[in-house]
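In: Structure for the following, please:
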Amino acid sequence: MAYQKQFNLTTGEITGVEALLRLKDENGNILPNDKIIPQIEGESLFSLVVLESLAQLAKFLAVKDKIGFKDATLYLNVSAHTIMHPQFCSIFTDFVDQHNLKDNQFGLEVTETAELSDLAVACESLKLLKSKGIKIALDDFGAGYSSLSYLRDLPITLVKLDKNFSQTVSREDTQELVKFVVTICKNMDLGMLAEGIETKEEEETFIKLGCQKGQGYFHHRPQFLEQFKEEF
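Out: Model prediction:
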């Protein structure tokens, strides 16, 4: 797993850290997630990937406070396929109980490599996890299968704008869309984060538009746990 910091854009405070899956080939080269993930989402293999990801997160949690992430939420991406797995809830509630995690110390980012096949089932599963203190983020909002109905029907606590918004945020039409999402998030008491921020100008524009959080190469490039340990 590699880890990327998430920030409050106005204060610079680290609000979260996203755990990013990194798969390597036999030569140690990192395989592109957009190519490999669709091929491993068969039920048994992807379940193993999720369980191994949690094993890696346990190593991060063991040193989280020492490496500067005491008050940050640790997020893990889960696909629509994972949410529909019959053991989805038990896997993550067991993880929270095993590590005695307090409210908001752990979160899931719902990604959309596939559409949720049963929104009602997904909603009940995510509500149960939210009741255990797990934050629920809607990842890549504005791309893929995401829709306003997800905000209405799922127990979301954080909306993550797709990185395409950062790439085009200098455009007036994109800014109007961002302001629209900002208004929705304020009215629904949801957090909002812009992904893929790569320049100071992009950051300043999001602040001006009312988006309070962000992540991207401008703020921090993903690092492996060993790199964080070396810094402290």
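In: Backbone dihedrals for the residue positioned nearest the centre of the chain, both of them.
Out: Centroid check for the chain by C-alpha atoms, centre = their mean gives residue 109 as the closest residue, at 3.7 Å. Backbone torsions for residue 109, taken as degrees, to the nearest 10, come to phi -100, psi 110.
In: Now do the strands in this structure.
Out: For the chain, the strands defined by DSSP state E cover 2-8, 14-20, 23-24, 30-31, 73-78, 106-110, 135-141, 158-161, 191-194, 213-214, 223-224.
In: quick revisit: which residues touch the residue nearest to the centre of the chain?
Out: Applying C-beta atoms under 8 Å, 6 or more residues apart in numbering, one finds that residue 109 lies in contact with 18, 75-78, 137-139, 160. C-beta here means a position set from N, CA and C on the backbone, and glycine is covered the same way.
In: thinking again about what came up before, tell me the most buried of the strands of the chain?
Out: Neighbour counts (mean count of other C-beta atoms under 10 Å) averaged over each of the strands of the chain peak at strand 158-161, with a mean of 27.
In: list the helices and strands that strand packs on?
Out: strand 135-141, helix 172-187, strand 191-194 (3 or more C-beta pairs under 8 Å, 6 or more residues apart in numbering; DSSP states H and E).
In: still on that earlier bit, in JSON lines, list the strands of the chain along with distance to residue 98.
Out: Formatted as JSON lines, the strands of the chain follow (distance: least, C-beta to C-beta, whole Å):
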{"stretch": "strand 2-8", "distance to residue 98": "20"}
{"stretch": "strand 14-20", "distance to residue 98": "17"}
{"stretch": "strand 23-24", "distance to residue 98": "25"}
{"stretch": "strand 30-31", "distance to residue 98": "29"}
{"stretch": "strand 73-78", "distance to residue 98": "14"}
{"stretch": "strand 106-110", "distance to residue 98": "11"}
{"stretch": "strand 135-141", "distance to residue 98": "18"}
{"stretch": "strand 158-161", "distance to residue 98": "24"}
{"stretch": "strand 191-194", "distance to residue 98": "26"}
{"stretch": "strand 213-214", "distance to residue 98": "29"}
{"stretch": "strand 223-224", "distance to residue 98": "23"}
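In: can you pull the pLDDT of residue 110?
Out: The confidence metric pLDDT takes the value 89 at residue 110.
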